[in-house]
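Undergrad: A structural model of the following input is requested.
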Amino acid sequence: MENVNYLSVVEEVMQQIKSTGAFLVVKSKVDKKINLMTIGWAAFGFMWRKPIMTVMVRKSRFTHHIIEKASSFTVNIPTNDLEEALNFCGTKSGRDFNKFKECNLSIIPAQKVDTPVINLQGFHYECKIVYKSILNPDFLCQEYKEDVYTDNDYHTLYFGEIVACYKTIS
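TA: A predicted model of the protein is given here:
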């Protein structure tokens, strides 16, 4: 495992997120339930004097129910070919499937947060949730409403302070 500066790999990470996606893992503090989903959108920045990663989860997703009871999330970006697993986790619900079992994915403890990371070759971001905001359609441009939210299933944005970023090789 190699610790890396979160900004030094952003270009590579964003290319992977845009092309095939990444795994978002969440763990409820209440019932300890863990779920993962594929994300194709994320943002990196520097806010409140901290490195921040923002992820978006629609209210209709099973993951939304869990992340609402979470204090952290992890984003796991594979560098090997896990396109089939990413596709499965982006199209099937954790309500109906154990995605870890179906995709032969295992988890390991994270370094600094309660939510685990996926045991995969790639980059891992561990994020402590510091803020969330429900997307308000009144403030969204019409073009995006018509293009992305035809079903009115708006996202909640979760801002996570990046507390660890590293690359695993195995």
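Undergrad: Thought residue 166 was touching residue 110, still the case?
TA: No. Residue 110 is not in contact with residue 166 according to C-beta atoms under 8 Å; the separation is 9.9 Å. All C-beta spots, glycine's among them, are computed from the backbone N, C-alpha and C.
Undergrad: more neighbours, those two?
TA: residue 110 (22 against 18; other C-beta atoms under 10 Å).
Undergrad: Assign the more buried one to helix, strand or coil.
TA: When classified by DSSP: H, G, I helix; E, B strand; the rest coil, residue 110 comes out as coil.
Undergrad: Is residue 55 part of a helix or strand, or is it coil?
TA: Assignment for residue 55 (three-state DSSP): strand.
Undergrad: quick one: it and residue 146, what's the gap?
TA: Separation of residue 55 from residue 146 (C-beta to C-beta, to the nearest Å) stands at 23 Å.
Undergrad: So for the two, which sits in the more crowded spot?
TA: A direct count of neighbours by other C-beta under 10 Å for residue 55 and residue 146 places residue 55 higher, at 26 against 9.
Undergrad: The more buried one bridge partners, please.
TA: Beta bridges link residue 55 to residue 158, judged by DSSP bridges.
Undergrad: what pairs with the residue most central in space within the chain across the strands?
TA: Most central in the chain under C-alpha atoms, centre = their mean is residue 24, positioned 2.7 Å from the mean C-alpha point. Residues in a beta bridge with residue 24, per DSSP bridges, are residue 37, residue 75.
Undergrad: how about it, what does it touch?
TA: 36, 37, 38, 39, 55, 57, 63, 73, 74, 75 (C-beta atoms under 8 Å, 6 or more residues apart in numbering).
Undergrad: pLDDT added to those, as TSV?
TA: Conversion of the contacts of residue 24 to TSV gives the following (pLDDT from 0 to 100):
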residue	pLDDT
36	96
37	97
38	97
39	97
55	98
57	97
63	96
73	98
74	98
75	98
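Undergrad: Surely residue 118 is in contact with residue 107?
TA: Yes. Contact status for residue 118 versus residue 107: in contact at 5.9 Å, counting by C-beta under 8 Å.
Undergrad: more neighbours, the two?
TA: Counted by other C-beta under 10 Å, residue 118 and residue 107 do not tie: residue 118 has more neighbours, with 24 against 18.
Undergrad: What separation is there between the residue nearest to that one when sequence neighbours are not counted and residue 13?
TA: In space, and not counting its chain neighbours, residue 118 is closest to residue 76: 4.4 Å by C-beta to C-beta, 6 or more residues apart in numbering. From residue 76 across to residue 13, the span is 11 Å (C-beta to C-beta).
Undergrad: Quick check: neighbours shared by these two?
TA: 22, 123.
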